[in-house]
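Enquirer: Provided below are the primary sequence and the corresponding predicted coordinates.
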Amino acid sequence: ATDGKIKAFLHIAAEEAMERAKALDEQVHDIRQRSATGDLSHLLFGIPGAIKDNLNTKGLPTTAASKILANYTSAYDATAVDRLNKENYVLVGKTNMDEFAMGSSGENSGYFPTHNPWDLERVPGGSSSGSAAAVSAGQVLFALGSDTGGSIRQPAAYTGVVGLKPTYGLVSRFGLISYASSLDQIGPFTQTVEDAAVVLQAIAGHDPHDSTSANVAVPRYLDALTGDIKGLRIALPSEYFEEGLDPAVRAEVEKAIRVLESLGATVGQVSLPHTKYALAAYYLIAPAEASSNLARFDGVRYGVRTEADTLVEMYKQTRAQGFGEEVKRRIMLGTYALSSGYYDAYYLRAQKTRTLIKQDFDHVFASYDVILSPTAPTTAFKIGAKVEDPVTMYLNDIYTIPVNLAGIPAISVPCGLADGLPVGLQLIGKAFDETTLLRVAHAYE
Ligand code: GLN
C-alpha cells in the first residue's frame with residue numbers, strides 16, 4: 001500500500017509470502033505451546049522481513065540493483081537468509097539499493113531511487129536504501145542490509161530506525177554479492193534494539209562456507225538488555241565533533257550524552273588521530289577490491305549479455321551497458337590503484353593506514369567500553385542534491401568508514417529530530433562485543 005510512493009522494493013514476493021504465511025499458520029498451535037515453556041527459539045516465527053537485493057534468495061531475483069543482473073535468479077540462499085528461513089520468518093521481498101552497494105543515498109540504483117518515508121523529497125541514505133525505508137515505513141518488521149563503509153548505519157540514521165553493523169566475521173558473507181570483501185558485513189535494520197538483538201542472534205555464527213567467518217561462540221544477546229549501564233565508560237572522539245558536523249545534529253547527540261550520563265555512565269574526551277586518513281584509505285581499498293570482485297560480471301557467467309562479433313567486444317559491450325556510472329568510476333579507480341608500479345604507492349599505503357586506524361581504536365578501548373559519535377554529519381538530504389559531486393557524497397561516510405577499516409561493530413540508534421528529520425547516534429564497540437553495544441543502545445532507547 002505504501003510502496004508506490006516509497007519504492008523500497010525492487011521485487012515484492014507477494015505470492016510466495018502468502019503461501020509461506022499460510023503454511024506457518026498450520027504450526028501456530030505448536031509454537032504457542034513452545035513459547036509457554038519459555039522457549040525463545042522461534043522469535044522470528046511468521047515475522048515479515050525484507051532482504052537487500054545483494055543477498056541471494058533462492059528462486060527470487062537478485063540484482064544488486066544493477067542492470068547487468070536484470071535477468072538473474074538466485075540458485076541458492078545466502079547463509080544469513082538460510083538461517084532466517086530456519087527461524088520461519090516470512091520473506092516479503094528484495095529491497096532497492098545503490099548498485100553493488102556503492103553509494104550513500106540510494107540514487108545509484110540502476111532502477112529507481114527510494115524515497116525517505118519521513119519526507120518523500122529526501123533520500124533514505126544508502127547503500128541499503130530500501131531496507132532502511134521498508135523498516136522505517138513499517139512495511140516489514142526487520143530487514144537485512146550490508147555495510148562496507150556505513151551502508152547500514154547511515155540509512156538507519158536518516159530514516160529513524162536501528163541499524164547494526166556486526167564485527168567483521170561474525171555474520172557469514174556466503175551468498176552476499178561482494179563489494180569490498182575485507183570490509184563487507186551483513187546486519188539488521190529494526191525498529192527497536194531488542195529486535196536487532198533477535199535478528200543478530202539468528203544470523204550470527206560460524207559458517208564453513210565463508211573462510212573469513214569467525215569461529216567464536218555467539219552469546220545470548222537478549223540477556224544483555226538489562227537497562228543497567230552504571231559505571232560504563234564512554235569515549236567521545238574529538239575528530240568526530242569537528243567542522244562539517246551540522247550544529248542541529250550535534251545538539252541532539254549532546255542531549256543523548258547527557259541521558260547516558262544520567263543513567264550512570266562516565267564520559268571522557270579522546271582522540272583518534274588517524275581519522276583524517278580514513279576516507280582516503282577507504283576509497284583506495286574499497287574500489288581496489290571491487291574492481292577485482294566485479295571482474296566476474298562479464299556476460300558469460302551471470303546476467304545480461306550484449307552480443308558482439310568477438311569475445312573481447314562482447315565483454316566490453318556487456319560491461320559498458322550493464323554497469324552504471326558510479327560502478328564504472330570505482331572499477332577505474334581500483335584497477336589503477338592495483339596496477340603495476342602503483343600498488344606500493346596506493347594500495348599498500350592504504351593498507352598500512354588501515355592498521356594505524358585500527359590501533360587508534362585499540363588504544364581507546366584499553367580504557368573505554370564504547371565510543372560515541374553522530375552516525376552522519378547531517379540529516380537526510382534532498383534527492384539530487386549531491387548526485388553530481390561524488391566527493392561530497394563520499395564525505396558523508398566520515399564517521400562510519402573508520403569502523404569498517406578496523407573491523408569492529410557499531411550500531412546506529414535514533415536520537416531525536418533536527419528540523420523534523422531523524423538523527424542517528426553511533427555507538428562503536430570492541431571486536432565481538434556486540435553485547436555491550438546492544439546493552440547501551442537499549443538502555444538509551
Ligand atoms: N557509501 C560508501 C560507499 O559508497 C559505503 C557503502 C557501503 O557501506 N556499502 O562505498
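Expert: Nice, thanks for sending it over. Just so it is clear, the structure is predicted and the values come from calculations on it, not from any experiment. Residues are numbered from 1 along each chain as shown.

Enquirer: so where does the residue with the largest distance to the centre of the chain fall, helix or strand?
Expert: In the chain, counting by Cα atoms, centre = their mean, residue 309 sits farthest out from the average C-alpha position, at 40.7 Å. Per DSSP states H and E, residue 309 falls between elements, in no helix or strand.

Enquirer: contact partners for the residue in the stretch 201-350 of the chain that the ligand sits nearest to?
Expert: Per Cβ to the nearest ligand atom, residue 286 is where the stretch 201-350 of the chain lies closest to the ligand, at 5.4 Å. For every residue, glycine as well, the C-beta is placed using N, CA and C. Shown in contact with residue 286 (Cβ atoms under 8 Å, 6 or more residues apart in numbering): 148-149, 179-180, 183, 330, 334.

Enquirer: repeat for residue 121
Expert: Residue 121 touches 115, 382-383, counting by Cβ under 8 Å, 6+ apart.

Enquirer: give me the phi and psi for it.
Expert: The phi and psi values for residue 121, taken as degrees, to the nearest 10, are phi -90, psi 0.

Enquirer: before we move on, what about residue 185?
Expert: Residue torsions, per degrees, to the nearest 10, at residue 185 are phi -140, psi 150.

Enquirer: list the contacts of it.
Expert: Counting by Cβ under 8 Å, 6+ apart, residue 185 makes contact with 146-148, 165-168, 170-171, 173, 404.

Enquirer: hey, where'd the strands end up in the stretch 251-400 of the chain?
Expert: Taking DSSP state E, counting those that start in this stretch as the criterion, the stretch 251-400 of the chain contains strands spanning 266-270, 370-374.

Enquirer: could you dump the ones you listed to TSV with mean neighbour count, distance to residue 344 and mean pLDDT?
Expert: Shown next, in TSV, are these (neighbours: other Cβ atoms under 10 Å; distance: least, Cβ to Cβ, whole Å; pLDDT from 0 to 100):
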stretch	mean neighbour count	distance to residue 344	mean pLDDT
strand 266-270	13	32	98
strand 370-374	25	32	98
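
Enquirer: how about a markdown table for these, with distance to the ligand added?
Expert: What follows is the strands of the stretch 251-400 of the chain, written out as a markdown table (distance: least, Cβ to the nearest ligand atom, whole Å):
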| stretch | distance to the ligand |
| --- | --- |
| strand 266-270 | 25 |
| strand 370-374 | 16 |
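
Enquirer: quick one: which of those is nearest residue 92?
Expert: strand 370-374 (31.0 Å; Cβ to Cβ).

Enquirer: any chance of the strands of the stretch 251-400 of the chain in a markdown table, plus distance to residue 192?
Expert: Formatted as a markdown table, the strands of the stretch 251-400 of the chain follow (distance: least, Cβ to Cβ, whole Å):
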| stretch | distance to residue 192 |
| --- | --- |
| strand 266-270 | 25 |
| strand 370-374 | 19 |
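
Enquirer: name the residues that touch stretch 31-44?
Expert: Applying Cβ under 8 Å, 6+ apart, the external contacts of stretch 31-44 come out as 45, 84, 87-89, 198-199, 201-202, 222.
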